[in-house]
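K.L.:
please find the sequence and the predicted model below.
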Amino acid sequence: MTKPFILGLTGSIGMGKSAVAAMFHGLDVPVFDADAAVHELQGPGGALIEAIEAEFPGTTGPNGVERQKLGAAVFGDPARLKHLEGIVHPAVGAMRQQFLKDNAREPLIVFDIPLLFERGGGKQAGVDAVVVVSAPASAQRERVLARPGMTPEKFEQILALQVPDADKRARADYVIDTGTSLAETRHAVQALAHRLRGEI
């Protein structure tokens, strides 16, 4: 049996990755959202609440993980962060395997992985090709600074932790430009989905 073609979807903050993921979803392409999986695992009644509370006491409550408290517990401490990742990543990996199993007959599936390049890149992430969502720096800045609670300083800190957009574009197999109109972006997503489904 042929297995699905796995397209890794990534992009820096404010580039429109979530919008592009929704467009793939709208074309009946199954999308695995790594961030959503983490939220589910750490939300109310989530499978990881007990393990996280045991390791980082006082960081969870009735609504699951209290993200600010957990963030403060690991911030600036690489060893503790690595420990947290050791709890979270295998659980997300298991959810991804189940997703693969559930969609084994699909010609094309998308893995939405925000930190795909930061975590080591394409083939190591178990994807067949990578699509990077990108927009001009001015559009990115405008979008991010419009978010509640965002400051220019915070934005610069986040950017410093991410692989630069130009590097992502250079390493991508495909690039979706979201600096254009929504209709043009949607057309680019449709064309890519059609091409990959056709190539498989």
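P.N.:
Sure, I can see it. Residues are numbered from 1 along each chain as shown.
K.L.:
where's Arg96 relative to Asp102, distance?
P.N.:
11 Å (CB to CB, to the nearest Å). Placement of C-beta: from N, CA and C, glycine included.
K.L.:
now swap in Asp77 and tell me
P.N.:
Asp77 sits 37 Å away from Asp102, taking CB to CB as the criterion.
K.L.:
re earlier: just want to know which of Arg96 and Asp102 has more residues nearby.
P.N.:
Arg96 (18 against 12; other CB atoms under 10 Å).
K.L.:
in contact with that one: list those residues for me.
P.N.:
By CB atoms under 8 Å, 6 or more residues apart in numbering, the contact list for Arg96 reads Phe32, Ala34, Ala37, Phe111, Gly126.
K.L.:
any idea what the residue nearest to the last one when sequence neighbours are not counted is bridged to?
P.N.:
For Gly126, ignoring the flanking residues on the chain, the nearest one in space by CB to CB, 6 or more residues apart in numbering is Ile6 at 6.6 Å. Residues found in beta-bridge contact with Ile6 (criterion: DSSP bridges) are Ile109.
K.L.:
so what's the residue count around Ile6?
P.N.:
Ile6: 18 surrounding residues under other CB under 10 Å.
K.L.:
did I read that right, His44 in a helix?
P.N.:
Residue 44: Pro, not His. No - counting by DSSP: H, G, I helix; E, B strand; the rest coil, Pro44 is not part of a helix but coil.
K.L.:
following the helix or strand containing Lys154, which helix or strand comes up?
P.N.:
Assessed by DSSP states H and E, Lys154 sits inside helix 152-161. Sequence-wise, the next helix or strand downstream of helix 152-161 (DSSP H and E) is helix 165-171.
K.L.:
about what we covered before: who wins for neighbours among the contacts of Arg96?
P.N.:
Going by other CB under 10 Å, Phe111 tops the contacts of Arg96 with 24 neighbours.
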